[in-house]
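Novice: got a structure for you, letters missing:
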């Protein structure tokens, strides 16, 4: 009888071990990160690059944001070139906030940067009114945005 007990216990241990390994493999995954992508591109108003503006991708499901400053040529690379999850993102283009000094009350005065701010139509600066969508697919993504009135 003792031999049967050890055999049954060994089966239970073996089955538990197999279940643990299977769960760990499912949790860690064996993929190559194919559900993520790198995002870069250009942002312009007509043919004018929106240098100094800020492009922000927001995941509507999680609220996570990824952003980059647009350079002199209008180019950007989200998340410092790191990959982000594939999916559709709401895209906002806005002027970077700029600290302009101290007010008479001693508080910091922050304004929208003048460079490029007047060229960005209001609808693109607001997450609730923008119609820009960044469709991020696995791999490399070149997403250019040309804004208009």
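Specialist: Now that the structure is in, tell me what you want to look at. Just so it is clear, the structure is predicted and the values come from calculations on it, not from any experiment.
Novice: Just the buried residues of stretch 64-79, please?
Specialist: 66, 68, 70, 74, 76, 78 (16 or more other C-beta atoms under 10 Å). C-betas here are computed from N, CA, C, even on glycine.
Novice: Just the ones of the residues you listed in helices?
Specialist: With helices taken from DSSP state H, there is no overlap with the buried residues of stretch 64-79.
Novice: among those residues, which two are most distant?
Specialist: Largest separation among the buried residues of stretch 64-79 by C-beta to C-beta: 66 and 74, giving 17.9 Å.
Novice: list the contacts for residue 142?
Specialist: Applying C-beta atoms under 8 Å, 6 or more residues apart in numbering, we find residue 142 in contact with 40-41.
Novice: And the pLDDT at it?
Specialist: Here, the pLDDT recorded for residue 142 equals 98.
Novice: Would you convert the buried residues of stretch 64-79 into JSON lines that also reports distance to residue 60 and pLDDT?
Specialist: Listed next are the buried residues of stretch 64-79 as JSON lines, based on distance: C-beta to C-beta, whole Å; pLDDT from 0 to 100:
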{"residue": "66", "distance to residue 60": "13", "pLDDT": "96"}
{"residue": "68", "distance to residue 60": "19", "pLDDT": "95"}
{"residue": "70", "distance to residue 60": "22", "pLDDT": "94"}
{"residue": "74", "distance to residue 60": "25", "pLDDT": "94"}
{"residue": "76", "distance to residue 60": "20", "pLDDT": "97"}
{"residue": "78", "distance to residue 60": "16", "pLDDT": "96"}
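Novice: how about low-confidence regions in the protein?
Specialist: For the chain, the stretches with pLDDT under 70 are 1-34, 98-100, 108-118.
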